[in-house]
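Participant: here is the input, now give the coordinates:
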Amino acid sequence: MKLLKFRDVADRLNCSLSNVYSLAATGELPVHRVGLKKGLRVSEDDLLAYLAKVRSEGAGEAPAAPTVKRLQRLTLE
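Facilitator: Here you go, the predicted model:
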């Protein structure tokens, strides 16, 4: 199992680091605590499962462009 840093997850999702923290905080993206200094990581398998879930929920729909209000809500939660 490969564990990814939050920055790597943000790069793969093409989103901000704060959005990854929001996904982790809401439980949409499972995280693993690794050691005392390494912090939180996301398994590559969990990331792929999250992407599959998002794709299946939005199948046939055009992705909605994020609005400022939606992004603020994500980062504040």
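Participant: quick one, phi psi at Pro30?
Facilitator: With angles defined as degrees, to the nearest 10, Pro30 sits at phi -60, psi 140.
Participant: what's the burial count for Glu57?
Facilitator: 8 (other C-beta atoms under 10 Å). Any C-beta I mention is one placed from the backbone N, CA and C, and that applies to glycine too.
Participant: break down the chain into its helices, ranges please.
Facilitator: Ranges of helices in the chain, per DSSP state H, are 6-13, 17-26, 44-57, 68-76.
Participant: reformat the ones you listed as TSV; add mean pLDDT and distance to Lys37.
Facilitator: Formatted as TSV, those follow (pLDDT from 0 to 100; distance: least, C-beta to C-beta, whole Å):
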stretch	mean pLDDT	distance to Lys37
helix 6-13	94	15
helix 17-26	92	18
helix 44-57	91	21
helix 68-76	47	25
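Participant: right, and the ones you listed - which one's nearest His32?
Facilitator: Minimum separation from His32 across the helices of the chain (C-beta to C-beta) falls at helix 44-57, 8.5 Å.
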